[in-house]
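Undergrad: I would like the atomic coordinates for the input below:
(2 chains)
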Number of protein chains: 2
Amino acid sequence: MGEVITIALDAMSGDLGAETAVEAAISVTGKYTDLRILLVGDEAVLAPLLGGAGSGQIEIRHASEVVAMEDALALAVRMKKDSSMRVAINQVRDGEAAACVSCGNTAALVAIGRFVLKMLPGIDRPAIITAIPNIHGHVQMLDLGGNVDCSAEHLNQFAVMGAALSAVVDNIESPRVGLLNIGSEDIKGNELVKDTHALLEKSDLNYVGFIEGDEVYLGDVDVVVADGFVGNVALKTAEGVAKLISSYLKEEFTRSPLNKVMGLVASPVLKSLKNKIDPGQYNGASLLGLRGIVIKSHGGADAPALANALSIARIEAKKNLISLIENYTETKLIQTGA
Amino acid sequence: MGEVITIALDAMSGDLGAETAVEAAISVTGKYTDLRILLVGDEAVLAPLLGGAGSGQIEIRHASEVVAMEDALALAVRMKKDSSMRVAINQVRDGEAAACVSCGNTAALVAIGRFVLKMLPGIDRPAIITAIPNIHGHVQMLDLGGNVDCSAEHLNQFAVMGAALSAVVDNIESPRVGLLNIGSEDIKGNELVKDTHALLEKSDLNYVGFIEGDEVYLGDVDVVVADGFVGNVALKTAEGVAKLISSYLKEEFTRSPLNKVMGLVASPVLKSLKNKIDPGQYNGASLLGLRGIVIKSHGGADAPALANALSIARIEAKKNLISLIENYTETKLIQTGA
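TA: Below you'll find the predicted structure:
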């Protein structure tokens, strides 16, 4: 516990503004005494918000620009060299911080992360991974939108990185890795999953084979691997269904005065259900494959959700995720010469 | 209403046995006086189950064999020429029935359907489509597992067939067709959806562009087009999430004696919610692209669910879905010469 972990937080890119970033930083430094936060952004905005809070664990790093959600990628990457996102990532490159967190535009974060930090040896593309709730607690799924038109070698790299993340974040010694497919028999699936399956079967990973879409939520694996198109569809579909059921519940419990009474009686249980499927508790997607820890928080994250993303960054830094990915890449990645 | 619609029902392939098939046939003929059912299967089994029921609307067609769920495809298609599934499809080919329904193995049904009925002109592969609940009622989604590694031309054909089905089954004059993608801007997506988008934009369909996974459940389209891999993942993911939330609800409402009381009080509402997300009410997936109407019922369908599949077959036959698909294929399919 002696070591201090420093995290750079892009304080300007969230939908809820710098106040939320400051609130999250104060809350998470209160929880972890080994944590130091570099609040990156406009000092004139951040200093009054911070006031005297943070008891020495929070410092401001000035950045004069902000990457807007609607900024073209070229503008964000090439022109805004003093954006809070860029400066936060620079802290990681320069060894000033062990990790960085941003609520900003995902594509810009991936592009700037890749430009500033570079890729790890043996990894071709950054992948996005996050925990999603399932019947056993949660499962880590990647890739969630960074990569379409993947090769089997890419999915193999994702599997290796996902296993390393699960080992670090979920504290699992040998994470079970499943490959998302449309059937559990070997004959099913498209060419991509068949080729990936052949590679993963040869690897030293704890590869358990194919899993179907429903098993992401009901099955028994620690890491789910998919290409970015399929993974993103699965994630968005799940969000849609959860919202649909919430809307049904609300509708049913307001249909009549009697139903409203039932809803009042049951409200503690419904609230507990709501907490269980609250995406905020899983907020914080890791960009894997870079030479540094970069966490993407949801743009609309509130302070508790953003604090959760900061906690994930802390664990990944504390347990040295990057070293483990390098180690897994050397020892568990099947080389195809492709 | 004068015209009689005859449907061949494979009575032997469901998990719940021939009793369920007979019960569904009796129930649906009681509901629709214009409906006649050919119960296809072992006469020695079916005759005693039917007894004197069906008031002249139900007849038995003997078939000596059954395609088992675990049968190899080659066996099911080439060897079992007197299977209840094959004989049911034969009734459609021979003009004895206007449609057929089976609870049996999907791959066998597609293969036998294709072998016996042949494809419609301009359509390369059969696609599977079903209604799934969404916030506006339901949406028709295809393909759900028949086709992986599709081309843009295939997805274009799916869009045309899906629109025809929606026009017939949902009684919508110009169904809105969406293409499942991972972003709503033109720049996102893989090569397949980009190429398909270019084709659909040129077509005479009411094509509304890309939709994301959550919009299947929350959005405002009538038909969702995807390749069979992505469509199946989306469908299975949704099933998984719905089951997960059901299990959370059950867990919450049994956590303590007080919670149990709340659950009892709220039980009418919870039951109504359960009915709303009951997949049985949407049972009946259509195999599109064949020269005849073939409906796949869920293997574990109970009598009400199977009756629903029979009702879908009735509407498709009554409104002549096959003619409309032929018409749409001639007038709305973009020819690429590929």
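
Undergrad: What values do phi and psi take at the nearest residue to residue A:167 once chain neighbours are set aside?
TA: Closest residue to residue A:167 apart from its sequence neighbours, by CB to CB, 6 or more residues apart in numbering or on different chains: residue A:175 at 5.8 Å. In short, each C-beta sits where N, CA and C put it, glycine included. The phi and psi torsions at residue A:175 (degrees, to the nearest 10) take the values phi -60, psi 140.

Undergrad: any weak-confidence spans in the stretch 151-300 of chain A?
TA: Where the stretch 151-300 of chain A drops to pLDDT under 70, the residues are A:184-187, A:279.

Undergrad: coming back round to it: okay but the residue nearest to residue A:167 is in contact with residue A:206, surely?
TA: Yes. Look at residue A:175 against residue A:206 with CB atoms under 8 Å: they come within range, at 6.3 Å.

Undergrad: of the two, who's got more company?
TA: Of the pair residue A:175 and residue A:206, residue A:175 is the one with more neighbours under other CB atoms under 10 Å in any protein chain shown, namely 24 against 17.

Undergrad: re the thing from before, now do the shared contacts for residue A:175 and residue A:206.
TA: Any residue near both residue A:175 and residue A:206 by CB atoms under 8 Å, 6 or more residues apart in numbering or on different chains counts here, and that gives residue A:163.

Undergrad: tell me the contacts of the most centrally placed residue in chain A?
TA: In chain A, the residue lying closest to the centroid (CA atoms, centre = their mean) is residue A:285, at 0.6 Å. If you count contacts by CB under 8 Å, 6+ apart, residue A:285 has them with A:128, A:129, A:130, A:144, A:295, A:296, A:297.

Undergrad: Distance-wise, check the fifth one relative to chain B.
TA: From residue A:295 across to chain B, the span is 21 Å (CB to the nearest CB, to the nearest Å).

Undergrad: just to confirm, which helix or strand has that residue in it?
TA: strand A:293-296 (DSSP states H and E).

Undergrad: what's the answer for the third one, then?
TA: Assignment of secondary structure by DSSP H and E places residue A:130 within strand A:127-134.

Undergrad: ok, residue A:171 to residue B:295 distance?
TA: Distance of residue A:171 to residue B:295, computed by CB to CB, to the nearest Å: 49 Å.

Undergrad: One more: residue A:177?
TA: From residue A:177 to residue B:295 the distance is 38 Å (CB to CB).

Undergrad: can you check residue A:240 too?
TA: Distance, residue A:240 to residue B:295, using CB to CB: 26 Å.

Undergrad: So if I had to pick from those two, which one is more boxed in?
TA: residue B:295 (27 against 24).

Undergrad: OK, contacts around that one?
TA: Residues in contact with residue B:295, defined by CB under 8 Å, 6+ apart, are B:99-102, B:284-287, B:309-310, B:312-313, B:316.

Undergrad: which among the residues you listed gets closest to residue A:58?
TA: residue B:285 (56.4 Å; CB to CB).

Undergrad: per-residue confidence for the nearest residue to residue A:103 once chain neighbours are set aside?
TA: Of all residues not flanking residue A:103 in the chain, residue A:14 sits nearest, at 3.5 Å (CB to CB, 6+ apart). Predicted confidence (pLDDT) for residue A:14: 94.

Undergrad: Phi, psi for residue A:14 please.
TA: According to degrees, to the nearest 10, residue A:14 has phi -80, psi 150.

Undergrad: That one and residue B:121, how far apart?
TA: 55 Å.

Undergrad: Please enumerate the strands of chain A.
TA: In chain A, the strands defined using DSSP state E lie at A:5-10, A:35-41, A:58-62, A:99-102, A:127-134, A:137-142, A:176-180, A:206-211, A:223-225, A:285-288, A:293-296.

Undergrad: Compare those strands and report which one is nearest to residue A:278.
TA: Closest of the strands of chain A to residue A:278 is strand A:127-134, at 9.0 Å (criterion: CB to CB).

Undergrad: ok so, going back, what separation do you get for the residue nearest to residue A:167 and residue A:6?
TA: Separation of residue A:175 from residue A:6 (CB to CB): 27 Å.

Undergrad: ok, back up a step: give me every residue that touches the residue nearest to residue A:167.
TA: A:140, A:162, A:163, A:166, A:167, A:206, A:222, A:223.

Undergrad: what do you get for residue A:191?
TA: B:148, B:149.

Undergrad: can you do 10 Å?
TA: A:152, B:148, B:149 (CB atoms under 10 Å, 6 or more residues apart in numbering or on different chains).

Undergrad: pretty sure the last one contacts residue B:228?
TA: Translated: residue B:149. Yes. Assessed by CB atoms under 10 Å, residue B:149 is found in contact with residue B:228 at 8.8 Å.

Undergrad: For the two, indicate the residue with more neighbours.
TA: residue B:228 (23 against 13).

Undergrad: Surely the more buried one is in contact with residue B:180?
TA: No. Contact criterion CB under 10 Å: residue B:228 and residue B:180 do not qualify, at 11.6 Å.

Undergrad: angle of the longest helix seen in chain A against strand A:127-134?
TA: Across chain A, the longest stretch assigned as helix under DSSP state H is helix A:228-252. Angle of helix A:228-252 versus strand A:127-134, following axes from the mean of the first three to the mean of the last three CA atoms, to 10 degrees, is 30 degrees.

Undergrad: How far does helix A:228-252 sit from its chain's centre?
TA: 19 Å (CA atoms, centre = their mean, to the nearest Å).

Undergrad: Domain ranges for chain A, per the record?
TA: What automatic domain parsing lists as the domains of chain A is A:1-123+A:289-320, A:128-282.

Undergrad: Which of these sits closest to residue B:157?
TA: domain A:128-282 (18.1 Å).

Undergrad: Start and end of that closest one, how far apart?
TA: Distance between the two ends of domain A:128-282: 14 Å, counting by CA to CA, to the nearest Å.

Undergrad: Report the separation between residue A:333 and residue A:19.
TA: From residue A:333 to residue A:19 the distance is 43 Å (CB to CB).

Undergrad: neighbour count winner among the two?
TA: Higher neighbour count among residue A:333 and residue A:19: residue A:333, with 20 against 14, using other CB under 10 Å.

Undergrad: my read: residue A:269 touches residue A:262, true?
TA: No. Between residue A:269 and residue A:262 there is no contact under CB under 10 Å: 11.1 Å.
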